[in-house]
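Chemist: Fold the following for me, if possible:
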Amino acid sequence: EMGVNASKSLYQVRMKPMPGPVTGSIDVQLQSIREDLPVRFEHVTEHVDRDAPDPRNDLVVRHTELAKGPLTLRGTCAIEAWVEAGTPGHGPNTMPVSKRVFHFNKATAQKITLSEPPHERYAEGGAFTLVDGITGQEKRVNTEWLGWQKSVTITVDLGSVQDIGSVGIGTRNETYNWIHMPARVVFSVSTDGLSFTPLGSAAPPSATEVWRDEGGLEQLRTATPMGRHLLRTEQPGRGRYVRITVEHPGAIPEGYSGAGNPAWMFLDEVEVR
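Modeler: Numbers count the residues shown, from 1 in each chain. Below is the predicted model of the structure:
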């Protein structure tokens, strides 16, 4: 079985997002270990109903293209890609299909700065990971998250003064792996990047519960479900610069896995709407 999985991984296409040619756009590189085989992809906008009768849903007559360089995205869409090892022009056949959904909001692919870089162990993609349109999924994939063991301030330049209805950032709760949610997140906006007006703050629930690990040892964990949580404020404002100050939770409390060690704080996507 390991051999089968290893062979399939040779044909898996990896999608690597990076800043596009203009601010607000994303370039997606389609990468495969098998450089001798072409990569074919399909670009699906959010307006396409995947369940409706449509030639694109028929793998034999899908409207697909060969990847000849990075794909430039400027709005919410889904990308499917696979190595072409069957009949040219047809669908993915038995090849593994990689799918990635990119969600655009006002902060997506905009200029972003960090007061503190993420820890080198969880830094893939750098600050752009927080505005690359990719929301972390239920199963943690490290390329979707940045990790810190200290507080960090994030500033996003929206490019122009805009009305803002809500600001948020994705955080992760996975205490059994030493990953804790921030103590608090503070949101503010500015028209000039110098003077910031508070919008509000958000904090995770503090309730805890007891559970038994695989060895039968009792441990504490937050009552908040494991996985991704969006901490946000819906206080409206107006500005060009959005600042998010994320306060590190500190040392892991007694009763939790890794107690006494610095907690990991994982962040994934800034959302400005």
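Chemist: Tell me the bridge partners for residue 19.
Modeler: residue 26 (DSSP bridges).
Chemist: burial of it, as a residue count?
Modeler: Using other Cβ atoms under 10 Å, residue 19 has 17 other residues around it. C-betas here are computed from N, CA, C, even on glycine.
Chemist: Over to the one 4 residues further on?
Modeler: Neighbours of residue 23 under the rule other Cβ under 10 Å: 12.
Chemist: That one contacts residue 107, correct?
Modeler: No: at 11.4 Å, residue 23 and residue 107 do not qualify as touching, with contact defined as Cβ atoms under 8 Å.
Chemist: In the stretch 101-250 of the chain, what residue spans correspond to strands?
Modeler: Using DSSP state E, counting those that start in this stretch, the strands of the stretch 101-250 of the chain run over 111-114, 146-148, 152-164, 167-173, 184-190, 197-202, 208-212, 218-222, 227-233, 237-247.
Chemist: So which bits of the last one are buried?
Modeler: Judged by neighbour count using 16 or more other Cβ atoms under 10 Å, the buried positions of strand 237-247 are 237, 239, 240, 241, 242, 243, 244, 245, 246, 247.
Chemist: wait, what's in contact with the closest residue to the fifth one other than its chain neighbours?
Modeler: Ranked by Cβ to Cβ, 6 or more residues apart in numbering and with sequence neighbours excluded, the top spatial neighbour of residue 242 is residue 156, at 4.7 Å. When contacts are counted by Cβ atoms under 8 Å, 6 or more residues apart in numbering, residue 156 is found next to 107, 110, 111, 112, 131, 241, 242, 243, 244, 270, 272.
Chemist: do that again at 10 Å, thanks
Modeler: 106-108, 110-113, 127, 130-131, 167, 240-244, 270, 272 (Cβ atoms under 10 Å, 6 or more residues apart in numbering).
Chemist: Can you show me the helices along the protein?
Modeler: For the chain, the helices defined by DSSP state H cover 2-9.
Chemist: In it, where is pLDDT below threshold?
Modeler: Filtered on pLDDT under 70, the chain yields the residue ranges 1-9, 45-63, 86-94, 207-209, 211, 213, 219-223.
Chemist: and with 80 instead?
Modeler: Within the chain, the stretches with pLDDT under 80 are 1-10, 44-64, 85-95, 138-139, 142, 205-224.
Chemist: Could I get the buried residue list for stretch 181-196?
Modeler: Those would be 181, 182, 183, 184, 185, 186, 187, 188, 189, 190, 196, for stretch 181-196 by 16+ other Cβ under 10 Å.
Chemist: Please export the C-alpha coordinates of it as CSV.
Modeler: Presented in CSV, the C-alpha positions along stretch 181-196 are these (Å, rounded to 0.1, in the frame of the first residue of the first chain):
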residue,chain,number,x,y,z
MET,A,181,-5.6,30.2,20.0
PRO,A,182,-4.5,33.7,20.7
ALA,A,183,-5.2,35.4,24.0
ARG,A,184,-6.8,38.3,22.2
VAL,A,185,-6.9,39.9,18.7
VAL,A,186,-7.2,43.7,18.4
PHE,A,187,-8.4,45.3,15.1
SER,A,188,-7.8,48.9,14.0
VAL,A,189,-7.9,50.9,10.8
SER,A,190,-6.1,54.0,9.4
THR,A,191,-6.3,56.3,6.4
ASP,A,192,-2.6,57.3,6.4
GLY,A,193,-0.8,54.3,8.0
LEU,A,194,0.3,56.4,11.0
SER,A,195,-2.7,57.1,13.1
PHE,A,196,-4.9,54.0,13.8
